[in-house]
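J.: turn this into a model:
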Amino acid sequence: MILKMRSTCFCRLAVQLLLLCVMALASLVLVGQTSSDPTAPTKSADPSAIDQAWQKASSKYDAQRSAILKEVDQVNHDGPYRADWQSLQSYQVPDWYKDAKFGIFIHWGAYSVPAFGSEWYPRQMYNQGSAEYKHHIATYGPQDKFGYKDFIPMFKAEKFDPAAWASLFKDSGAKYVVPVFEHHDGFAMYDSGLSDWTAVKMGPHRDLVGDLAKAVRAEGLHLGASSHRVEHNFFLGVGREFRSDINDPKYAAFYGPAHTWLTNKRGTPLNNDFTYVSPEWTHDWLARSAEIIQKYHPDVVFFDWWIGQPSVRADLARFSSFYYNYSLKSGGPVGVITYKDYAMHEDSAVLDIERGQLAGIRPQYWQTDTSVSNKSWGYIESDTFKTPEFIVHQLVDVVSKNGNLLMNIGPRSDGTIPDEVQQVLRDVGSWLKVNGDAIYGTRPWKTFGEGPTQVVEGSFNDTNTRPYTPADFRFTAKGDVLYAIELGWPAKPEAVIHSVGTGAAGERTVESVDLLGSDAKVSFENKSDGLHIKLPEQAPGKYAYTFRIRFTGGK
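T.: The predicted model follows:
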């Protein structure tokens, strides 16, 4: 019996030693490759060894990271929210956010220097065979000689005027502004105490989002923060497949672990579950996210889709409870987190639908994020832009269905915003100055609208909806007032709203109708098929037209 136990223990020890040898060998292979030829491909290296190289390169900030994580747990211990989904689903979206309706999103970073393809240029320039890969070699040279890091000295933001930006956003009618603090590329646009690769220490040598935050708040707007840091875990992994600077451990602190992005080819909700993610990576993500909260106190935090990766989800719960508890502790309303797909419990935060809409009213509050530009979120030289009419119609539709619209812009690398984009935003703002009562502070009516045009539901479908017609109406409500927004001016001087004034049992009679932006007296008639409104000869403005409807006896 004793001999059998010793034999079993010996076997277990042998297996453990074998595993350690394999890991050590993988590390030696990685080190051997990089020491003799630092840009040699490392795709075949063990992912744990690759991760260790990133951890070693980032170790100088271990103490600061640990201090932040300790505070996260202390705040969670003391606050009303726990770091679990049963507790987090008690979350309530604050009224200011429900009232705001319209926000500005900003994608700006070192990727605006090449201004080619999209804001995914940092990945695509290493993706062999892609247009960005070919463009990069033709324009800058091979990736082992000129890598993404080499764009940072070229990113100077020398014409950046945060006060002018904030004034433009105010003129657009937006109520909150969400700059990207860090995109997938791993370059921090803020003053991070956990990285050397920041806009304060390199490139512009300026706290870009910090300066913008002050200007935005001076205009009375809310500040948000978007972090895509978690996606950096895999974003540059394609650079390990051939000779490139991604393989050089000298730059591991910037390029990250750059693991292979493994996906389910059938695109199930488990699509992103299979990439190697270490606990050290998620803890670092949590610390960096918490640092943004501590330093900049944003009212909104926008996350992209990869926070739903199972290895991330535990620290996502820790962050969510920390952010909610910290915002309450700081004396403000509870913060807002937006998430995509299945990343969070639907009652624990605000669902965001990328470049898409919903077909009907969603009981839980939600948001659409899309861009003025059609091809890229960041600035590229060959982009095209949405019209003000398109944006107004999208805003009206989203608001009628219990949501907000977050509209993105992409500034140039020098900090200037293209004139076409500025004009679009100002035109949207002009419409809101006339019709804002039907947008800000409203809530959904009993139905979102009527008319022949049906929205194509889901992400990446916002440009697939056919143009709206004068027969399309969207409804919003505020107190005892109903707003009916007509998405076109009819050829005949009459508007007919079938959902209102039919004389059905229990329905209140329409008492008055006003057309926002018009001094003309509007006559109307309740008929069996709806409310008939006689229109003035001239349309009061452009894009969409708002009728303010009051009923006898109030609501």
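J.: now do the strands in the stretch 251-400 of the chain.
T.: Secondary structure of the stretch 251-400 of the chain by DSSP state E, counting those that start in this stretch: the strands cover 300-303, 336-339, 350-354, 366-371.
J.: low pLDDT regions in the protein?
T.: 1-35, 503-506, 554-555 (pLDDT under 70).
J.: residue nearest the centroid of it?
T.: Centroid-nearest residue in the chain, with C-alpha atoms, centre = their mean: F302, separated by 4.7 Å.
J.: now that residue, nearest residue through space, not along the chain?
T.: S226 (3.9 Å; C-beta to C-beta, 6 or more residues apart in numbering). Every C-beta, even on glycine, is put in place using the N, C-alpha and C of the backbone.
J.: and A484, by the same measure?
T.: Using C-beta to C-beta, 6+ apart, the nearest residue to A484 is F547, at 4.5 Å.
J.: name the helices or strands packed onto the stretch of helix or strand that neighbour belongs to?
T.: Element membership for F547 (DSSP states H and E) is strand 545-551. In terms of contacts (3 or more C-beta pairs under 8 Å, 6 or more residues apart in numbering; DSSP states H and E), strand 545-551 is packed against strand 481-486, strand 510-515.
J.: tell me what angle the first one forms with strand 545-551.
T.: Spelled out, it's strand 481-486. Using axes from the mean of the first three to the mean of the last three C-alpha atoms, to 10 degrees, the inter-axis angle of strand 481-486 relative to strand 545-551 is 150 degrees.
J.: any idea how far strand 481-486 is from the chain center?
T.: Distance of strand 481-486 from the chain centroid (C-alpha atoms, centre = their mean, to the nearest Å) equals 30 Å.
J.: same check, this time on stretch 318-326
T.: 19 Å.
J.: touching it from outside, list them.
T.: Stretch 318-326 is contacted from outside by 72-73, 75-76, 78-84, 87-88, 91, 286, 289-290, 293-294, 301, 334-335, 337, 344, 348-349, using C-beta atoms under 8 Å, 6 or more residues apart in numbering.
J.: not counting its neighbours along the chain, what's nearest P38?
T.: Nearest to P38 is D248, by C-beta to C-beta, 6+ apart, at 4.0 Å.
J.: for the one you found, give its distance to K201.
T.: 20 Å (C-beta to C-beta, to the nearest Å).
J.: out of those two, which sits in the busier spot?
T.: Neighbour comparison, D248 and K201: the larger count goes to D248, with 20 against 13 (by other C-beta atoms under 10 Å).
J.: what is the burial count for V372?
T.: V372 has 27 nearby residues by other C-beta under 10 Å.
J.: quick one: it from G117, how far?
T.: 18 Å.
J.: repeat that for V334.
T.: From V334 to G117 the distance is 38 Å (C-beta to C-beta).
J.: more crowded one of the two?
T.: G117 (22 against 19).
J.: could you find the closest non-adjacent residue to that one?
T.: Nearest to G117 is E132, by C-beta to C-beta, 6+ apart, at 4.4 Å.
J.: doesn't P122 make contact with that neighbour?
T.: No: counting by C-beta atoms under 8 Å, E132 sits too far from P122 to count as a contact (9.1 Å).
J.: more crowded one of those two?
T.: Between E132 and P122, counted using other C-beta under 10 Å, the more crowded position is P122 (26 against 20).
J.: that's a helix at the more buried one, yeah?
T.: Yes: P122 forms part of a helix when assessed by DSSP: H, G, I helix; E, B strand; the rest coil.
J.: report how many residues lie close to Q89.
T.: 13.
J.: quick one: it and D171, what's the gap?
T.: For Q89, the distance to D171 - C-beta to C-beta - is 38 Å.
J.: what residues are up against the residue lying closest to P490 once chain neighbours are set aside?
T.: Among residues not flanking P490 along the chain, P470 sits closest, at 4.0 Å (C-beta to C-beta, 6+ apart). P470 is in contact with E486, L487, G488, W489, P490, A491, A495, counting by C-beta under 8 Å, 6+ apart.
J.: now P470: phi and psi?
T.: phi -60, psi -10 (degrees, to the nearest 10).
J.: and it, how far from A314?
T.: 52 Å.
J.: same check, this time on K340
T.: As judged by C-beta to C-beta, K340 and A314 stand 18 Å apart.
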